[in-house]
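A.B. asks: Model the structure of this input:
(3 chains)
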Amino acid sequence: MGRQPCCDKLGVKKGPWTAEEDKKLINFILTNGQCCWRAVPKLAGLRRCGKSCRLRWTNYLRPDLKRGLLTEAEEQLVIDLHARLGNRWSKIAARLPGRTDNEIKNHWNTHIKKKLIKMGIDPVTHEPLKKEAKPAEEHSSAADNNQHLPESNNSIIDHVQTSQETKDNIPVIPEENCSSDESQLLENISIDAPALNCLWSDETDLLNDPTWNFNTNGLPSWDESCAWLLDCQDFGVQDFGIDCFSDFEVMNTLNTLEMGNKQ
DNA sequence: AAACCACACAACCGCATCATT
DNA sequence: AAATGATGCGGTTGTGTGGTT
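C.D. replies: Got it, this is the predicted structure:
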């Protein structure tokens, strides 16, 4: 059932995004919202494919993104979630506000994996590494991994769960489209370390923060956040008729811009 | 100072899934 | 029910950067 490519291969630009392209994309989404990615490049005047636009937006330009390395607490949460969900990065990312699946995936591959191996833990099965065992990299594919998730026999998770029995459950972020199995899995995850408690409470605050308009579309207040972003990129806030932002948004967008300027 | 290397991260590719016709 | 199209996901690759020799 041959699928057509998502975009014309001819004339489509690849590689790193320029500031100008970012501006165009931000401007377009600010004006039109997120819809129909396939049409975005044409309408926004970009010589990119829709996929590329979506990726750029979700992984880099979104104003609600946190930047910088994952904290210890976030890292621990990723490990816990990975033990339950396997390489389902988007599911994991859904529980780390401001983090993207790509970011978590990268962090896993570059940092956490090595850390676990150093600790003598197999990053795939989350079981203790045996001397005669094959290196982690030689384990079966990620797809297999998803099918052979450990059943709570991992040392870290055991530790967490043991502690869970003596502590109140801390709710995970509800995800509407979680399967019942997934929900069950995730309900079993509790937060042990104080740092993680902190993370969750921060997250709760974030979600309750009136400056963050998590509206029915699942979108934060783009017009506010994006306008600031555009302002910082020499667009001029006045162009969009928006003139006030919370400190929180300012920090987030500034972080985004800092990273952008490094490019 | 230059060459080389390793690492981190942004971006791409192919496939799966879901929606629509 | 089948075909088609759009989007999302996960694996992989490419590139920039910093450290080392």
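A.B. asks: which bits of chain A sit near DNA strand B?
C.D. replies: Proximity of chain A to DNA strand B, by C-beta under 7 Å from any atom of the strand, involves residues A:3, A:6, A:13-17, A:48, A:51-52, A:55-56, A:59-60, A:69, A:102-103, A:105-107, A:110-111, A:259. (C-beta placed from N, C-alpha, C; glycine too.)
A.B. asks: Could you give me the PyMOL syntax to select whichever of those are buried?
C.D. replies: To isolate the buried subset of these in PyMOL, counting by 16 or more other C-beta atoms under 10 Å, use the following:
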select buried, chain A and resi 17+48+52+55+56+60+103+105+107
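A.B. asks: Which ones among the residues of chain A next to DNA strand B lie within helices?
C.D. replies: The members of the residues of chain A next to DNA strand B that map onto helices under DSSP state H are A:51-52, A:55-56, A:102-103, A:105-107, A:259.
A.B. asks: show me which of those neighbour DNA strand C.
C.D. replies: Checking those against DNA strand C (C-beta under 7 Å from any atom of the strand), the matches are A:51, A:102, A:105-106.
A.B. asks: And the furthest pair within the residues you listed?
C.D. replies: A:Lys51 and A:Asn106 (18.4 Å; C-beta to C-beta).
A.B. asks: quick one on the thing from earlier: dump the ones next to DNA strand C among the ones in helices among the residues of chain A next to DNA strand B to JSON lines, plus pLDDT.
C.D. replies: What follows is those, written out as JSON lines (pLDDT from 0 to 100):
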{"residue": "A:Lys51", "pLDDT": "87"}
{"residue": "A:Asn102", "pLDDT": "89"}
{"residue": "A:Lys105", "pLDDT": "89"}
{"residue": "A:Asn106", "pLDDT": "88"}
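A.B. asks: Out of these, which comes closest to DNA strand B?
C.D. replies: A:Asn106 (4.3 Å; C-beta to the nearest atom of the strand).
A.B. asks: Could you report the distance from the closest one to A:Ala93?
C.D. replies: In this view, A:Asn106 and A:Ala93 are 11 Å apart by C-beta to C-beta, to the nearest Å.
A.B. asks: Over to A:Asp80?
C.D. replies: 14 Å.
A.B. asks: Looking at these two, which one has more neighbours?
C.D. replies: Each of A:Asp80 and A:Ala93 has its neighbours counted (other C-beta atoms under 10 Å); A:Asp80 has more, 26 against 20.
A.B. asks: Quick check, pLDDT for the more buried one.
C.D. replies: Note on A:Asp80: pLDDT of 88.
A.B. asks: Phi and psi next, for it.
C.D. replies: phi -60, psi -50 (degrees, to the nearest 10).
A.B. asks: repeat for A:Pro128
C.D. replies: phi -60, psi 140.
A.B. asks: For the closest residue to it other than its chain neighbours, give me the pLDDT.
C.D. replies: Nearest residue to A:Pro128, sequence neighbours excluded (C-beta to C-beta, 6 or more residues apart in numbering): A:Gly120, at 5.7 Å. pLDDT recorded at A:Gly120 is 85.
A.B. asks: again with A:Pro123
C.D. replies: At A:Pro123, the predicted lDDT confidence score is 86.
A.B. asks: what's it in contact with, if anything?
C.D. replies: A:108, A:112-113, A:116-117, A:136 (C-beta atoms under 8 Å, 6 or more residues apart in numbering).
A.B. asks: Most neighbours among those, please name it.
C.D. replies: The contacts of A:Pro123, ranked by neighbours (other C-beta under 10 Å): first place A:Trp108, 22 neighbours.
A.B. asks: Need the three-state assignment for A:Cys35.
C.D. replies: Under DSSP: H, G, I helix; E, B strand; the rest coil, the three-state class of A:Cys35 is coil.
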